[in-house]
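In: return a 3D structure for these sequence lines:
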Amino acid sequence: MKEPSAKAVINHMLKNDRFSAWLGIEVIEMSLGSCKISMTVRDEMMNGFNIAHGGIAFSFADSALAVASNGYNKLSVALETSMSFTSPVKSGDTLTADATEISLTNKIGVYHILITKQGGVTVGSFKGTVYRTSKTLLKP
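Out: Predicted coordinates for the structure are as follows:
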């Protein structure tokens, strides 16, 4: 039987991901182990200092991690993540996350996600390690 494509797997995963839908995430590019996604920051995402809550950028990067790591049709879940915030994000900013696979074994995947806003300004750097289970998201 033919394995499902990365696109089919990710479309299936995102169909059930209400939080990524609430963020307004759009997949721009996707291939095995990498992706580029985007979203626009909204007023309700601002904190008390009128900058985007750090959890927004973190969640955005975490969604990029999910897209990049699950395209192999092997359910992958975060084991460890970390993020550096390098520039403030405001309402109306368009964010882009570029996820790159750094290392992949049968059980562990390591990814780097660079988040930028318009003008190519880096707003965050995220590292994620996933555990690759034996479960599939779509049946072959």
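
In: now the strands for this protein?
Out: For the chain, applying DSSP state E gives strands covering 26-31, 34-40, 76-85, 94-104, 108-117, 121-132.

In: these: which one's closest to His12?
Out: Of all these, strand 26-31 sits nearest to His12, with 12.6 Å by C-beta to C-beta. Every C-beta, even on glycine, is put in place using the N, C-alpha and C of the backbone.

In: in CSV, list the strands of the chain along with distance to Leu14.
Out: Formatted as CSV, these follow (distance: least, C-beta to C-beta, whole Å):
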stretch, distance to Leu14
strand 26-31, 7
strand 34-40, 10
strand 76-85, 14
strand 94-104, 14
strand 108-117, 17
strand 121-132, 17
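
In: reformat the ones you listed as JSON lines; add mean neighbour count, mean pLDDT and distance to Ala64.
Out: Formatted as JSON lines, the strands of the chain follow (neighbours: other C-beta atoms under 10 Å; pLDDT from 0 to 100; distance: least, C-beta to C-beta, whole Å):
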{"stretch": "strand 26-31", "mean neighbour count": "14", "mean pLDDT": "95", "distance to Ala64": "9"}
{"stretch": "strand 34-40", "mean neighbour count": "21", "mean pLDDT": "98", "distance to Ala64": "5"}
{"stretch": "strand 76-85", "mean neighbour count": "15", "mean pLDDT": "98", "distance to Ala64": "11"}
{"stretch": "strand 94-104", "mean neighbour count": "18", "mean pLDDT": "98", "distance to Ala64": "4"}
{"stretch": "strand 108-117", "mean neighbour count": "21", "mean pLDDT": "98", "distance to Ala64": "5"}
{"stretch": "strand 121-132", "mean neighbour count": "19", "mean pLDDT": "98", "distance to Ala64": "8"}
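
In: relative to Gly48, which of these is closest?
Out: Nearest of the strands of the chain to Gly48, taken as C-beta to C-beta: strand 76-85 at 16.1 Å.

In: then that closest one to CSV, C-alphas only?
Out: What follows is strand 76-85 as a C-alpha-only set of coordinates in CSV (Å, rounded to 0.1, in the frame of the first residue of the first chain):
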residue,chain,number,x,y,z
SER,A,76,5.3,13.0,16.9
VAL,A,77,4.9,14.8,20.2
ALA,A,78,7.0,17.5,21.8
LEU,A,79,9.5,16.3,24.4
GLU,A,80,11.4,19.5,25.0
THR,A,81,11.1,23.0,23.6
SER,A,82,12.8,26.4,24.2
MET,A,83,12.4,29.8,22.7
SER,A,84,14.2,33.1,22.7
PHE,A,85,12.2,36.2,22.0
